[in-house]
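A.B. asks: using only what follows, build the 3D model:
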Amino acid sequence: MPTSPVAREEVSINGAWTAVVAHVPTILVIWLVSIAIAVIAYIFSSITLGIFSAALSDYDPESGVLIAVLISQVSSLPFNIVTQLLSVLFVAVPALYYAFGDVVTPGAAFGALFSRPMRYIGAGILFSIAALIGIIFCIIPGIAVFLTYPVFVNKIFTTDMPIMDAFSSSFSALYKSEAGWSFVGIQILAFICVFLTSVCTCGLGGLIAIPIGTFYIQHAAYNKGVVC
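C.D. replies: Numbers count the residues shown, from 1 in each chain. Just a heads-up that it's a prediction; the model follows:
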């Protein structure tokens, strides 16, 4: 896949900011849809919990409540899956932008997401399991997995590479080359900047810093050659 003209530009905060401004409508729509689905999931879960709690409490008050909670959580699972898919778009949109060079509209973003939902769900499951195993056995491997996330999402959304191959190649790109380790440093520095900005502004700064950080990181991924 050829590198787009915008990916070949010099990596800078100003460049990332310009890209964010161009994608404000898309970012805003993703936020609003995510919030709406989260609210719907909460309402649906609460109603389900109330109905089954009342129905089961007559038979066994203690276990009835536990069963009702379990049913409500299961019933809201589809909403939670969609919410998780939408959250990936905050990284996928910059990846698509720098891969193909066109501003990603809301329609294009949602179209890309729901054109291959099972691929993205499968990728999410694989990544979550790998990260969880890494954290359980030792925190550092878990962190190593998390640092491959921008590259993994890029490969999943911009290529037809099999999920497992995309996962393994993301590790190779980061940890088997000097450029990859440099990209790891950029990610860590970006995270620190976003974290400090968010903390110092009581979270409000994160609304700007997080999108800038994600666009900057995806641009740097092409600049460092960890994706191409």
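A.B. asks: just the CA atoms of stretch 130-139, as PDB, please.
C.D. replies: Taking C-alpha atoms only, stretch 130-139 is exported to PDB below (Å, rounded to 0.1, in the frame of the first residue of the first chain):
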ATOM      1  CA  ALA A 130      -3.000 -11.000  25.000                       C
ATOM      2  CA  ALA A 131      -3.000  -7.900  27.200                       C
ATOM      3  CA  LEU A 132      -4.700  -9.600  30.100                       C
ATOM      4  CA  ILE A 133      -2.300 -12.500  30.000                       C
ATOM      5  CA  GLY A 134       0.600 -10.100  29.900                       C
ATOM      6  CA  ILE A 135      -0.700  -8.200  32.900                       C
ATOM      7  CA  ILE A 136      -1.400 -11.400  34.900                       C
ATOM      8  CA  PHE A 137       2.000 -13.000  34.400                       C
ATOM      9  CA  CYS A 138       3.900  -9.700  34.600                       C
ATOM     10  CA  ILE A 139       2.900  -6.100  34.200                       C
END
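A.B. asks: same question for that stretch, mean pLDDT?
C.D. replies: Per-residue pLDDT over stretch 130-139 has a mean of 87.
A.B. asks: buried set for it?
C.D. replies: Neighbour counts over stretch 130-139 (16 or more other CB atoms under 10 Å) mark Ala130, Ala131, Gly134 as buried. C-beta: built from backbone N, CA, C; applies to glycine.
A.B. asks: mind telling me what element the most centrally placed residue in the chain is part of?
C.D. replies: Closest to where the C-alpha atoms of the chain average out (CA atoms, centre = their mean) is Val88, at 2.9 Å. Using DSSP states H and E, Val88 sits in helix 77-100.
A.B. asks: helix or strand right after that helix?
C.D. replies: From helix 77-100, the next helix or strand downstream (DSSP H and E) is helix 106-115.
A.B. asks: since we're on Tyr120, how many residues are nearby?
C.D. replies: 23 (other CB atoms under 10 Å).
A.B. asks: residue contacts, it?
C.D. replies: By CB atoms under 8 Å, 6 or more residues apart in numbering, Tyr120 lies in contact with Leu85, Val88, Leu113, Ile156, Phe157.
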